[in-house]
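Peer 1: Below are the sequence and a predicted model for it; my questions follow.
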Amino acid sequence: NLWIRLDKLKEIINANGGFIPLPMIKNKKTVDPKDDSSQKVLQLETAMGAAIECFKGASAIVVPRTRFAPVKKCNDLLLLRSDAYLLENNKPVLNPECGGKAPTMALDSKKYKLVGALEEATTGGIPSLVKCTKLKVSGLVRMGKGTKFVGDVSIVNNSDEPKLVPAGEVTGDLDLTDTIGLGDLKKTIVDTAPIDGQKPGTSGLRKKTKVFMGENYLENFVQSAFDAIKESGTNVSEGSLLIGGDGRYFNGEAIQTIIKMAAANGVNRIWVGQDGLMSTPAISATIRERGPVWQKSFGAFILTASHNPGGPEEDFGIKYNCENGGPAPDKLTEAIYKNTTTIKSYNICKDFPSVDILKAGTTTVKSADASTEVSVEIISSTESHVNLLKTIFDFGAIKALLDRPDFSMVYDAMHGVNGPYVKKVFVEEFGQSEDLCMNCVPKDDFNGGHADPNLTYAKELVALMGLDRKGNTVDTGDRKVPSFGCAADGDGDRNMILGTKFFVSPSDSLAVIAAYADAIPFFKAQGGLKGVARSMPTSGAVDRVAKDLNFDLFETPTGWKYFGNLMDSKAIFDGKDYTPFICGEESFGTGSDHVREKDGLWAVLAWLSILASVNPDASKPLVTVEDLVTKHWKKYGRNYYCRYDYEGVDKAKAVAMMDKMRADTASNTGKTVGKYKIATADDFTYVDPVDGSVAKKQGIRFLMEDGSRVIFRLSGTAGSGATIRMYIEQYEPEKTDSLAADALAGLIRVALDLCCMKEYIGTEEPTVIT
């Protein structure tokens, strides 16, 4: 503390032209304080403490260690955390057993320059220092709470791995250089360098599989993630790390790498989905539901590129989900990305044995010195998720519907991860024939298909249900068409709902589920649905339901993490409780607050629950999917809607097209185009009502005076190239029986002219229409 007479301070300031002539200090540093080999620099600074030489008659008062506990270096921090200090009235005081003098500390200044190194050295607990007079440590060591330093202690370790200081009393000189080390758990630090392009999109990092298989690509990202996770305050040595994926090519090899790196980064317990498989919603459910509490997962690596194609020439992806089961928030993903731009090394236990992920059970690897162990448990991929779904839905009512002779269904897993879940629920729980299961064997290339549940890519199912790629009916002759059809994407978080020769758009699906939420016990038992949310590009069909039934309504950017904040408003942010809660995206994603991801299986069971509720009497004619939706339109009107996807386009041209529309928003506002007048043209900005964060550039919007909308987004989830998404919406309160293509034809033409698609991209023909 500096105590200064203000009159004397003023005298010195006046005498020196308005400042105090503090001496310049030259500090020798490195540009990266974590790396002694980085560029050496001189840091020029002044320090307030040096002001004492400017005041005549200034003096110093020595305050003993019994009065305060300064922490400037790791020496001080270890001392303060030890039993050499006690807390009295929330103040640190020197333990009386120290005899009025704190131990002298001399930790290796190069090895323990940063707090992270001390944390790693004391994962086994803080040793006792109350009987120690002096502690000197040279080299890397690992200490634990069972160690008691007595008197003068000097420890040396000249080896390249941290050695364990034995438990019990330790005094005098101790050389650990030749003692037994960690064996299979020995950490190797591998030199690397930043690799461009590792910025995660809205759903993690996605690239071509061969990029991920390149030298250090996966390792760099995983190490950057571990560093960011630890820097955020998560103690990875407690709880469990969950790993699972959608089974695409390179899944198994990536899992083995992450296990070895997890062990080297201090993770003691790892859960892996059997066969390396676990759907994205199942991972969220497992994080939230699987116990016991002391083993609860602190987060998960999900190996998926979602609906993108798989295989050695196609896409791979990875993302991290946090302890609430939801995707990492922007703050964490930004920290991960920042780490990828400066990374110099990664940690891995090279000798950690490969784990058989095909068989359930636990593999425990112990260190050679018996000081620590890492367990890898291969867990059921389906158990936590299915058990949770059984508490949400009335499985008995759904089974009664499925058992009706006039009801039939088919579930297309598109050779993605949802196959085992479909069999577990529909065959084992509901007792249905396996004939219901279509493409339910997971394959690492999705059998050469594109596991995206829409009218274009779910060709086999769409044809079976009597439709074409535009949702128009086709002649099926005398063939009986199933009553209900559904499909899932590669990682099981998306869904498509079909009736007999009838397509339910994702926006209408969300609206219908919200309107009939009380048919689902999860909502009815909690007093009914409270809140609904949709992504900005999703149609406003659910808005009319929310207004009618007095639900809180939110319009968010695309990305499930924005829904997660709303779900956790009360639990995490101590705000308003919006749960129970339903949310959805036009990209075939629907879910509720039971997990923090969209959930394809949940959406299918929600629809079956609704159908069961409107078909209580098996002796009466079946109320079909089409009956349900057309009745909904009669009450609320119809939001005609479609999305055009332009996949794999030149990114620079796509960005230029978006920039041109963004620059023209002011001049386009008020303009008449065709029969439409643009009320507002803007670039959607979202201010999160829960945490106040701001998301900009979330989509170019053309909002027409009659309520119609045209929206453009550049997707950040493609593995290569760019994907432009064009969304078209027009509301009709009464005319609800037109074909969507006919109802929207005029607005589609306007949209293509507004964006100059052909001029920038070279075509107006989309890759996919939904």
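Peer 2: In hand now; what should we look at?

Peer 1: part of a strand, is Arg749?
Peer 2: No: using DSSP: H, G, I helix; E, B strand; the rest coil, the assignment for Arg749 is helix, not a strand.

Peer 1: okay, now it: neighbour count?
Peer 2: When neighbours are defined as other Cβ atoms under 10 Å, Arg749 has 13 of them. Bear in mind the C-beta positions are built from the backbone N, C-alpha and C, glycine included.

Peer 1: got a pLDDT number for it?
Peer 2: Arg749 carries a pLDDT value of 95.

Peer 1: Please name the nearest non-neighbouring residue to it.
Peer 2: Gly674 (7.0 Å; Cβ to Cβ, 6 or more residues apart in numbering).

Peer 1: Next, work out how far apart Ser375 and Gln295 are.
Peer 2: 10 Å (Cβ to Cβ, to the nearest Å).

Peer 1: what touches both of those two?
Peer 2: By the contact definition Cβ atoms under 8 Å, 6 or more residues apart in numbering, Ser375 and Gln295 are jointly contacted by Arg269.

Peer 1: Provide a complete list of residue ranges assigned to helices in the stretch 301-450 of the chain.
Peer 2: Secondary structure of the stretch 301-450 of the chain (DSSP state H, counting those that start in this stretch): helices located at 330-340, 383-392, 395-402, 419-422.

Peer 1: Quick one: list the elements packing against the second one.
Peer 2: Right, the one you point to is helix 383-392. Packed against helix 383-392 by the contact rule (3 or more Cβ pairs under 8 Å, 6 or more residues apart in numbering; DSSP states H and E) you find helix 280-289, helix 521-524, helix 600-613.

Peer 1: Mind doing that once more with 6 Å?
Peer 2: Where contact means 3 or more Cβ pairs under 6 Å, 6 or more residues apart in numbering; DSSP states H and E, helix 383-392 is packed against helix 280-289.

Peer 1: now Glu161, what's its secondary structure?
Peer 2: Glu161 - assigned by three-state DSSP - is coil.

Peer 1: tell me the pLDDT at it?
Peer 2: pLDDT for Glu161: 92.

Peer 1: Equivalent analysis for the one 10 residues further on, please.
Peer 2: In the prediction, the pLDDT value recorded for Thr171 is 97.

Peer 1: now do the one 3 residues further on
Peer 2: Predicted confidence (pLDDT) at Leu174: the value is 97.

Peer 1: How about the contacts made by the residue nearest to Glu585 when sequence neighbours are not counted?
Peer 2: Distances taken as Cβ to Cβ, 6+ apart put Ser535 closest to Glu585, at 4.3 Å, once the chain neighbours are dropped. Residues near Ser535 by Cβ atoms under 6 Å, 6 or more residues apart in numbering: Thr556, Thr558, Glu585.

Peer 1: what stretches of the chain score poorly on pLDDT?
Peer 2: By pLDDT under 70, the weakly predicted segments of the chain are 65-66, 716-720.

Peer 1: roughly how far apart are the residue nearest the centre of it and Val687?
Peer 2: For the chain, Pro327 is the residue whose C-alpha lies nearest the centre (Cα atoms, centre = their mean; 2.0 Å). Counting by Cβ to Cβ, the gap from Pro327 to Val687 is 20 Å.

Peer 1: contacting residues around the residue nearest to the centre of the chain?
Peer 2: The contact partners of Pro327, taken as Cβ under 6 Å, 6+ apart, are Asn321, Lys561.

Peer 1: now do 7 Å
Peer 2: Counting by Cβ atoms under 7 Å, 6 or more residues apart in numbering, Pro327 touches Lys319, Asn321, Trp560, Lys561.

Peer 1: contacts for the host helix or strand of the last one?
Peer 2: According to DSSP states H and E, Lys561 maps onto helix 560-567. Contacts of helix 560-567 with the rest of the structure, by Cβ under 7 Å, 6+ apart, involve 324, 326-327, 329, 531, 533, 554, 556, 578-579, 581, 583, 593, 596-598, 688, 690-691.

Peer 1: after it, next one along is what?
Peer 2: Once the chain leaves helix 560-567, the next helix or strand it forms, by DSSP H and E, is strand 581-585.
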